[in-house]
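# Okay, here's the prediction I keep looking at, along with the sequence it came from:
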Amino acid sequence: LVAIDSDRGFQDPFLQRSNDEHAALTKSVIFCLHSLLDLPFSPSLRLELLNCVPEAWVLRWLRDLSEDRFHFQTLLDDGVICKAMYRDELNLHRYLRRKAPRRLLGTLRRLRALLLSRESVTNRDVFREIEPLLCSFYEALLKKNVGRIDKTLEDLYYEVPVEDLVPNAVFASNDALRDSTGQRHPKDFHDELVDEIQEFMSRLQREEETLRDDR
């Protein structure tokens with residue numbers, strides 16, 4: 001499994017161009033290749049996902065981001081590196097979109113549920129589970145331009161309206177989209193998620209104690 005443009009997973013899948021028209025913001029030729037989409041999902045990644053605890057994955061990722069930022073900030077403060085070395089393109093302010101960690105956690109949970117429910121899963125199945133509307137858009141785009149990858153890419157990059165290909169498209173509300181407002185530091189998300197997990201575990205413990213007392 002090779003990650004290609006994986007940072008795009010943190011952007012909105014669609015761009016609203018007007019009140020009644022949207023365009024695909026997630027554009028990739030990868031989603032136009034049937035030979036790749038119809039391959040079985042990576043067995044090694046499947047095993048890793050089935051053995052993981054989604055909450056622990058997200059917590060570890062947030063912790064690593066915070067530690068990585070602190071490490072490079074220390075190198076910068078000590079003069080080991082300087083922005084001039086990177087043509088002033090060095091940016092250590094790794095803030096995340098307000099809902100990125102929660103969406104990532106939700107994606108991991110849905111992906112594990114899919115893998116647990118079916119023995120055989122393709123890359124297309126995963127795509128459809130994670131981004132159903134985006135998957136429908138690409139499938140309609142390929143059907144419209146069957147055998148014409150050049151025309152498919154032309155429509156994609158010239159932003160053919162999603163509504164033209166998926167008439168019944170239902171988009172998430174603005175609150176549900178991965179908006180760019182309210183950016184926060186990874187450590188803030190980490191601490192908030194830890195508090196939620198601790199509260200959840202405490203609630204489970206109280207419920208177990210109540211059940212024991214009832215018996």
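Cool, the structure landed.
# helices or strands up against the helix or strand that D64 is a member of?
Using DSSP states H and E, D64 sits in helix 54-77. Contacts defined by 3 or more Cβ pairs under 8 Å, 6 or more residues apart in numbering; DSSP states H and E place helix 54-77 against helix 100-117, helix 186-214. C-beta here means a position set from N, CA and C on the backbone, and glycine is covered the same way.
# By mean pLDDT, show me the worst of those.
Comparing mean pLDDT across the helices and strands packed on helix 54-77, the weakest is helix 186-214, with a mean of 66.
# returning to what we had before: quick one: mean pLDDT for the helix holding D64?
Per-residue pLDDT values over helix 54-77 give a mean of 78.
# Next, the angle from it to helix 100-117.
Calculated by axes from the mean of the first three to the mean of the last three Cα atoms, to 10 degrees, helix 54-77 forms an angle of 140 degrees with helix 100-117.
# List the buried residues of helix 54-77.
Buried residues in helix 54-77, counted by 16 or more other Cβ atoms under 10 Å: 54-55, 58-59, 61-62, 65-66, 69.
# swap in stretch 143-159?
Buried residues in stretch 143-159, defined by neighbour count with 16+ other Cβ under 10 Å: 145, 152, 155-156.
# I'd like the residues you listed as a markdown table, with pLDDT, distance to E163 and secondary structure appended.
A markdown table is the format used below for these (pLDDT from 0 to 100; distance: Cβ to Cβ, whole Å; DSSP: H, G, I helix; E, B strand; the rest coil):
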| residue | pLDDT | distance to E163 | secondary structure |
| --- | --- | --- | --- |
| N145 | 87 | 17 | coil |
| T152 | 86 | 18 | helix |
| D155 | 86 | 13 | helix |
| L156 | 85 | 15 | helix |
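# Closest to P167 out of the residues you listed?
D155 (16.0 Å; Cβ to Cβ).
# Next one: the nearest residue to T107 once chain neighbours are set aside from N19, what distance?
Nearest residue to T107, sequence neighbours excluded (Cβ to Cβ, 6 or more residues apart in numbering): I130, at 5.7 Å. Using Cβ to Cβ, to the nearest Å, one gets 27 Å for the distance from I130 to N19.
# Same question for R128.
28 Å.
# what do you get for E48?
Taking Cβ to Cβ, one finds E48 at 43 Å from N19.
# higher neighbour count, those two?
Taking other Cβ atoms under 10 Å, E48 and N19 do not tie; E48 has more neighbours (11 against 5).
# Let's verify that one: helix, strand, or coil?
Look at E48: counting by DSSP: H, G, I helix; E, B strand; the rest coil, its state is helix.
# how close does K144 sit to T152?
Separation of K144 from T152 (Cβ to Cβ) stands at 8 Å.
# Check E209 too.
Distance, E209 to T152, by Cβ to Cβ: 59 Å.
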